[in-house]
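Novice: Quick one: sequence plus predicted model below, questions after.
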Amino acid sequence: MKAAIIFGSKSDSPVMKKAADVFREFGVSYSAHILSAHRVPELLRETIETLEKDGTEVIIAGAGLAAHLPGVIASMTILPVIGVPVSSGGLGGMDALLSIVQMPKPIPVATVGVDNAANAAYLACQMLALKYEPLREKIIAFRDRMKADFAREQGQGVEL
Ligand SMILES: Nc1c(C(=O)O)ncn1[C@@H]1O[C@H](COP(=O)(O)O)[C@@H](O)[C@H]1O
């Protein structure tokens, strides 16, 4: 059960760390890599080949600004790629969101909300859970706990 987290710059680390936190919570092993499609294209290709050989099953790719990285990774592999638009730069992440979500067919990138690396990891876990029953059970237990917590909180009156 292996995932990879790849992002375009060290400056994306605080956002992408949220994906690592979720993987740790669910016991999914992961590797993390800072790689940019336009700054180190050869190294990116080599790394994707290595990840495939090592049995990586899903890739989370985060980038800001003109976020080519997730789409370029998706072009190099048929592993599912989940893109995280990072809100670096002056456009609040809208630039990265559109760059990632608007991938031309037939090379899709599943896209989560701006800076929502946690959701990318939850989705990656759900993909892995199709194959790994213990992970499936962990996710179901997690959802049950979440529902119970919300029900407790929302069942109470609120002071406004
Ligand atoms: N969008 C890309 C790519 C790429 O798509 O290959 N490489 C870096 N970046 C993004 O540039 C932003 C600024 O990076 P720097 O802080 O290193 O200048 C980061 O959010 C990164 O993801």
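Specialist: Ah, there it is.

Novice: Can you mark which positions in the longest helix anywhere in the chain are buried?
Specialist: In the chain, with assignment by DSSP state H, the single longest helix is helix 133-155. For helix 133-155, a neighbour-count test (16 or more other Cβ atoms under 10 Å) marks 135, 138, 139 as buried. Every residue, glycine included, has its C-beta placed from N, CA and C.

Novice: export those residues to a markdown table and tack on pLDDT and distance to residue 106?
Specialist: Below are these laid out as a markdown table (pLDDT from 0 to 100; distance: Cβ to Cβ, whole Å):
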| residue | pLDDT | distance to residue 106 |
| --- | --- | --- |
| 135 | 98 | 29 |
| 138 | 98 | 33 |
| 139 | 98 | 29 |
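
Novice: count of residues packed around residue 20?
Specialist: As a burial measure, residue 20 scores 19 neighbours (other Cβ atoms under 10 Å).

Novice: three-state assignment of it?
Specialist: helix (DSSP: H, G, I helix; E, B strand; the rest coil).

Novice: need the contact list for it.
Specialist: By Cβ atoms under 8 Å, 6 or more residues apart in numbering, the contact list for residue 20 reads 5, 30, 32, 121.

Novice: For these, give me a markdown table that also has distance to residue 56, secondary structure and pLDDT.
Specialist: A markdown table is the format used below for the contacts of residue 20 (distance: Cβ to Cβ, whole Å; DSSP: H, G, I helix; E, B strand; the rest coil; pLDDT from 0 to 100):
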| residue | distance to residue 56 | secondary structure | pLDDT |
| --- | --- | --- | --- |
| 5 | 10 | strand | 98 |
| 30 | 9 | strand | 98 |
| 32 | 12 | strand | 98 |
| 121 | 14 | helix | 99 |
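
Novice: thinking again about what came up before, which among the buried residues of helix 133-155 gets closest to residue 74?
Specialist: residue 135 (23.4 Å; Cβ to Cβ).

Novice: Thanks again, I'm all set now.
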